[in-house]
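Q: requesting a structural model of the entry that follows:
(2 chains)
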Amino acid sequence: ETGVTQTPRHLVMGMTNKKSLKCEQHLGHNAMYWYKQSAKKPLELMFVYNFKEQTENNSVPSRFSPECPNSSHLFLHLHTLQPEDSALYLCASSQVGGRSVNEKLFFGSGTQLSVL
Amino acid sequence: DQQVKQNSPSLSVQEGRISILNCDYTNSMFDYFLWYKKYPAEGPTFLISISSIKDKNEDGRFTVFLNKSAKHLSLHIVPSQPGDSAVYFCAASVGGTASKLTFGTGTRLQVTL
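A: The predicted structure follows:
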């Protein structure tokens, strides 16, 4: 399997539930990202991990908790979410540094989350 | 404050004609620009990019134009095909860093027969 894969594709959860989103990249990249896409809004960067270390937290509420056990896997743990958190959550990866100065993001298909 | 703006939420073009998607930015420090394409139920995929040292980059049917003085970017698709129907996102960064990409809200292109 190639690229960036995300599971589940769809998730419906109540406000008191705990769930996790999973992302796996097969591109040999060293950086992984979580983005949120809400209707009619730009993609919002949530978290960045470089070499398994979190390098960016874009003022994300603590009810979203990321985990990066290695450079190929990324999780987003969800706890006591609100209905306004309903959105498409996209995982991405990239190769940071190296010979190419201009970096590109490679995205997964996303998890469509609905919070009831 | 949105630093990357795509003011047209949608565009409809006839097959075979030219599609022109526009993007404006406010941050003069941006020096690397990308276009992504997104089909329903799929993640965005990279389409074409341009560095600020150029004013044009071409890849097959896709050409991106950069007007730095106007802080304006456009994507031309010629000829347009039904398979080009998708949402197109403009993105920009400083120093070519993926972790600092700022995205627009997207333009939905519909190519009609």
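Q: anything in stretch A:94-111 near chain B?
A: Yes. Against chain B, stretch A:94-111 shows contacts by C-beta under 8 Å from any C-beta of the partner chain at A:94, A:96, A:101-110. The C-beta positions use only the backbone N, C-alpha and C, and glycine is treated the same way.
Q: in that stretch, what's buried?
A: The neighbour-count check on stretch A:94-111 (16 or more other C-beta atoms under 10 Å in any protein chain shown) flags A:94-96, A:102-111 as buried.
Q: same question for stretch A:44-60.
A: Using 16+ other C-beta under 10 Å as the test for burial, stretch A:44-60 gives A:45-50, A:52, A:60.
Q: output that stretch as CSV, nothing but the C-alphas.
A: Listed next in CSV are the C-alpha coordinates belonging to stretch A:44-60 (Å, rounded to 0.1, in the frame of the first residue of the first chain):
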residue,chain,number,x,y,z
GLU,A,44,-6.6,24.7,9.5
LEU,A,45,-3.3,23.3,10.7
MET,A,46,-3.7,21.6,14.1
PHE,A,47,-0.4,19.8,14.8
VAL,A,48,2.9,19.1,13.3
TYR,A,49,5.4,16.3,14.1
ASN,A,50,9.0,16.3,12.9
PHE,A,51,10.9,13.1,13.5
LYS,A,52,8.2,12.1,16.1
GLU,A,53,8.6,15.3,18.0
GLN,A,54,5.7,17.8,18.1
THR,A,55,6.9,21.0,16.7
GLU,A,56,3.6,22.9,16.3
ASN,A,57,0.4,23.1,18.2
ASN,A,58,-1.8,25.6,16.6
SER,A,59,-3.8,26.6,19.7
VAL,A,60,-5.8,23.4,19.5
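Q: picking that back up, tabulate the residues of stretch A:94-111 next to chain B in JSON lines, adding columns for distance to residue B:78.
A: Below are the residues of stretch A:94-111 next to chain B laid out as JSON lines (distance: C-beta to C-beta, whole Å):
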{"residue": "A:94", "distance to residue B:78": "30"}
{"residue": "A:96", "distance to residue B:78": "34"}
{"residue": "A:101", "distance to residue B:78": "29"}
{"residue": "A:102", "distance to residue B:78": "25"}
{"residue": "A:103", "distance to residue B:78": "28"}
{"residue": "A:104", "distance to residue B:78": "23"}
{"residue": "A:105", "distance to residue B:78": "26"}
{"residue": "A:106", "distance to residue B:78": "26"}
{"residue": "A:107", "distance to residue B:78": "26"}
{"residue": "A:108", "distance to residue B:78": "30"}
{"residue": "A:109", "distance to residue B:78": "29"}
{"residue": "A:110", "distance to residue B:78": "30"}
